[in-house]
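no FASTA, just this:
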């Protein structure tokens, strides 16, 4: 009888201790974000009087990655490039899809034709078919890298952002990710405006190949206009690059907090 009582006491203490510790903590989910520094290698992108797009965006992208890797514990960073190397858009999208990334962020710098050097400010693009006016010019410029491929017609399967058939495919493929893409894009532009002190030109839609072919929420960020002398000078400043990178970092961090809240 004495041994039986001791056994009951031991079992009670074990149960009490387990309850005191609470339920077993659920492992924190790890998210994957692909950071794509636009252009690179033989593809210089746009340029100002001094700066080349491929150089500016690489510096900012690496800084974003550094912030994410050191200041978060639930975000894995996947880089499209960390050096001045060329990777065509099909491979960029393929890598993101193969890695089953949760988010794709492509970082670029903007340009205007001669006579428009007064234009400046940031823009963030999501996939869409509203190719009117300036949005169409951005789509043509960013998609033009496709023509650098010798067998581009085969690689890109006749991609033509003007085609009604392609526009229909855009809408079908991106509808599932549009809401989250817009949420991130709006967050990026708010951060640029309120925290980084940049002029925001807002969130826009355009038929951008690299966004079309990524099976996840995705945005393309234009950091500013290299064809504006003052903004080109800013974009060459390490301080401004850090501000821009910090704004993108906070946006990605807050985006995944939002996603986490909707999943719980």
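Perfect, thanks for sending it. The structure presented is a predicted model; accordingly, all values stated were derived computationally and were not measured. Numbering: from 1, shown residues only.

low-scoring pLDDT stretches of the chain, where are they?
1-26, 129-176, 209, 264 (pLDDT under 70).

Quick check: residue 227 vs residue 187, distance?
27 Å (Cβ to Cβ, to the nearest Å). (C-beta placed from N, C-alpha, C; glycine too.)

do residue 36 as well
18 Å.

These two: who's more crowded?
Taking neighbours as other Cβ atoms under 10 Å, residue 36 and residue 187 compare with residue 36 leading, 28 against 22.

Which elements pack onto the helix or strand that contains that one?
Assigned by DSSP states H and E, residue 36 falls within strand 31-37. Packing partners of strand 31-37 (3 or more Cβ pairs under 8 Å, 6 or more residues apart in numbering; DSSP states H and E): helix 53-71, strand 75-79, helix 89-98, strand 103-110, helix 238-263.

any chance of these in CSV, with mean neighbour count and distance to residue 197 too?
Supplementary listing: the helices and strands packed on strand 31-37 in CSV, determined by neighbours: other Cβ atoms under 10 Å; distance: least, Cβ to Cβ, whole Å:
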stretch, mean neighbour count, distance to residue 197
helix 53-71, 20, 15
strand 75-79, 18, 25
helix 89-98, 19, 30
strand 103-110, 27, 17
helix 238-263, 18, 7
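
Please identify which of those is closest to residue 222.
In terms of Cβ to Cβ, the element of these nearest to residue 222 is strand 103-110, at 4.2 Å.

Can you list the strands that that closest one pairs with?
strand 31-37 (parallel), strand 218-225 (parallel) (DSSP bridges).

Give me the angle between it and strand 75-79.
50 degrees (axes from the mean of the first three to the mean of the last three Cα atoms, to 10 degrees).

centre of the chain versus strand 103-110, how much separation?
5 Å (Cα atoms, centre = their mean, to the nearest Å).

what element comes up after it heading to the C-terminus?
For strand 103-110, the following helix or strand on the C-terminal side (DSSP H and E) is strand 122-127.

Summarise which helices and strands that following strand is packed against.
Using 3+ Cβ pairs under 8 Å, 6+ apart, strand 122-127 is in contact with helix 133-143, helix 164-194, strand 200-206, helix 209-212, strand 218-225.

which residues sit against it?
110, 135, 138, 170, 174, 177-178, 181-182, 185-186, 188-189, 192, 198-208, 211-212, 218-224 (Cβ atoms under 8 Å, 6 or more residues apart in numbering).

Would you pull up how far it lies from the middle of the chain?
For strand 122-127, the distance to the chain centre is 10 Å (Cα atoms, centre = their mean).

who does that strand pair up with?
Using DSSP bridges, the strands paired with strand 122-127 are strand 200-206 (parallel), strand 218-225 (antiparallel).

what helices or strands is the helix or strand just after the longest one leaning on?
By that I understand strand 218-225. Per DSSP H and E, the first helix or strand lying C-terminal to strand 218-225 is helix 229-235. Using 3+ Cβ pairs under 8 Å, 6+ apart, the elements in contact with helix 229-235 are strand 218-225.

Now do the contacts for the residue nearest the centre of the chain.
The centroid of the chain falls nearest to residue 105 when counting by Cα atoms, centre = their mean (1.3 Å). Going by Cβ under 8 Å, 6+ apart, residue 105 touches 33, 34, 35, 36, 64, 184, 218, 219, 221, 248, 252.

Max pairwise distance over the residues you listed: which two?
Pairwise over these, using Cβ to Cβ, the maximum falls at 64 and 218, 15.0 Å.

one step back: residues making contact with the strand holding residue 36?
With Cβ under 8 Å, 6+ apart, strand 31-37 has contacts from 54, 57-58, 60-62, 64-65, 68, 74-81, 92, 95-96, 99-107, 210, 214, 252, 256, 259.
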